[in-house]
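Trainee: Generate coordinates for the sequence data below:
(chains A and B)
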Amino acid sequence: MDIASAKLIGAGLAAIDVGAASLGVGFVFGSFLQSAIRNPAASDGQQGRLYIGFAAAELLGLMAFVVAMLILFAS
Amino acid sequence: MAAEAKIDPMHQFVIQPIAGNFAGGNPFVFTNSALWTLIVLGAIWFFMYGGMKRELIPGRWQVAVEGLISFIDDMVGVSMGPEGKKYVPWVFTAFVFLLFANLMGNMPFGVIPSAHPFTITSQFTFTGVMSIITFVIVLGVGFWKHGLHFFSLFVPKDAPLIFKFFIAPIEFMSFLVRPFSLGLRPFIAMFAGHVLLDVFGNFVVQALNSQSAGGIGISILCFLFIMFVSMIELLVAAIQAYVFAILTSLYIGEAVHLH
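Mentor: Model prediction:
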């Protein structure tokens, strides 16, 4: 297999993990919404942690994306 | 199709000299990165200057600047308690610099002919150095206030002895990763966002150049996608600045309070 095809296959495999990260981010927001509907008064104080959790989950997905970019484009 | 025109999303991140050149290992070159850092500095100075008139009844600009300052003040007060006041300058600097630098990268300066916009926080050097400054503060404060007792940060209190033996090395290694992840987070968010926008921008241009019936439709769809992703990018720019600031204040708070 030549290097160009291997690059494309590698980038495609790395992109699967970006989809896995979307599950993580959706879980963070979903559990926040579930508990916020139950207790709306207490949810405003926890919004900061919501964004921290979102950023942490998103970071790992974006790392997978960067791996895909490096495989495709790093010379 | 890839043979027609190679899509190169990495070209926007190349640091190019504007005055002088790098020949002979000369590091003192005025690059596009330096120019855009100065532009971000100008924007921050302009914004803060408008709010420093110290009117007793503040106008809208002063309310905005004071609102930003009290936002960070409250955040540091919640994370660190009253002795967090002395760390507000660094947390505020990091927040405002990251916010303005990220937002400058998303502004449509490309419509000006021959302006080559450059997002300074899409280079790991900027966010990595900010993370290094944060951890110099964390370690400095930790060892200054607590001496070697600082290492008790990694040992869970009120746990059975066998758990302390297992958890302490894991906590230590997780602490070692923190500077890297703190600096990596805003860099990767900006890097990935700009690569995505660049790729779809190339799609728009290539679809229009193909001059086929489907080309117009594809270019319109890609343009709408770019529009929505740009809206998300503005939100992500602000969120990444906020997360950097709140994690900085949490880490410094841990070093101050040791829990």
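Trainee: quick one: low-confidence ranges for the chain?
Mentor: Going with chain A. Within chain A, the stretches with pLDDT under 70 are A:75.
Trainee: The chain in question should be chain B.
Mentor: For chain B (pLDDT under 70), the answer is B:1-5.
Trainee: Which secondary structure elements does the lengthiest helix in chain B sit against?
Mentor: Ordering each helix of chain B by length in residues (DSSP state H) puts helix B:161-209 first. In terms of contacts (3 or more CB pairs under 8 Å, 6 or more residues apart in numbering or on different chains; DSSP states H and E), helix B:161-209 is packed against helix A:47-73, helix B:88-105, helix B:124-146, helix B:213-257. (Glycine included, C-beta is placed from N, CA and C.)
Trainee: contacting residues for the nearest residue to residue A:15 once chain neighbours are set aside?
Mentor: Take residue A:15 and drop its neighbours on the chain: the residue closest to it by CB to CB, 6 or more residues apart in numbering or on different chains is residue A:68, 5.3 Å away. Residues in contact with residue A:68 (CB atoms under 8 Å, 6 or more residues apart in numbering or on different chains) are A:10-12, A:14-15, A:18.
Trainee: Let's have the residues you listed in a markdown table, adding neighbour count and secondary structure.
Mentor: Conversion of those to a markdown table gives the following (neighbours: other CB atoms under 10 Å in any protein chain shown; DSSP: H, G, I helix; E, B strand; the rest coil):
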| residue | neighbour count | secondary structure |
| --- | --- | --- |
| A:10 | 16 | helix |
| A:11 | 17 | helix |
| A:12 | 12 | helix |
| A:14 | 19 | helix |
| A:15 | 13 | helix |
| A:18 | 17 | helix |
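Trainee: is it possible to export these to a markdown table including distance to residue B:130?
Mentor: As requested, the contacts of residue A:68 are exported to a markdown table (distance: CB to CB, whole Å):
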| residue | distance to residue B:130 |
| --- | --- |
| A:10 | 32 |
| A:11 | 30 |
| A:12 | 34 |
| A:14 | 27 |
| A:15 | 29 |
| A:18 | 26 |
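Trainee: of those residues, closest to chain B?
Mentor: Closest approach between these and chain B, by CB to the nearest CB: residue A:18, at 9.2 Å.
Trainee: list the contacts for the closest one?
Mentor: A:61-62, A:64-65, A:68.
Trainee: can we see that at 6 Å?
Mentor: Residues near residue A:18 by CB atoms under 6 Å, 6 or more residues apart in numbering or on different chains: A:61, A:64-65.
Trainee: restrict those to those near chain B?
Mentor: residue A:65 (CB under 6 Å from any CB of the partner chain).
Trainee: Can you tell me which of the contacts of residue A:18 lies closest to residue A:52?
Mentor: Nearest to residue A:52, judged by CB to CB, of the contacts of residue A:18 is residue A:61 at 15.5 Å.
Trainee: what about the closest residue in space to the closest one that isn't next to it in sequence, helix or strand, and which?
Mentor: By the measure of CB to CB, 6+ apart, the closest residue to residue A:61 outside its immediate chain neighbours is residue A:21, 2.3 Å from it. Assigned by DSSP states H and E, residue A:21 falls within helix A:3-38.
Trainee: What's the first helix or strand after that helix?
Mentor: Counting by DSSP H and E, what follows helix A:3-38 is helix A:40-43.
Trainee: mind saving the C-alpha coords of that next one as CSV?
Mentor: Extracted in CSV, the C-alpha atoms of helix A:40-43 (Å, rounded to 0.1, in the frame of the first residue of the first chain):
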residue,chain,number,x,y,z
PRO,A,40,-34.0,24.9,38.0
ALA,A,41,-33.0,27.2,40.9
ALA,A,42,-29.8,25.3,41.6
SER,A,43,-28.8,24.9,37.9
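Trainee: any idea how far residue B:178 is from residue A:48?
Mentor: With distances taken as CB to CB, to the nearest Å, residue A:48 is found 18 Å from residue B:178.
Trainee: now residue A:71
Mentor: 27 Å.
Trainee: what do you get for residue A:11?
Mentor: 29 Å.
Trainee: do the same with residue A:22
Mentor: Counting by CB to CB, the gap from residue A:22 to residue B:178 is 25 Å.
Trainee: got it, and residue B:71?
Mentor: Note on residue B:71: its distance to residue B:178, by CB to CB, is 24 Å.
Trainee: what inclination does the longest helix of chain B have with respect to helix B:213-257?
Mentor: Interaxial angle of helix B:161-209 relative to helix B:213-257 (axes from the mean of the first three to the mean of the last three CA atoms, to 10 degrees): 150 degrees.
Trainee: Next, the angle from helix B:161-209 to helix A:3-38.
Mentor: Using the same axes, to 10 degrees, helix B:161-209 lies at 110 degrees relative to helix A:3-38.
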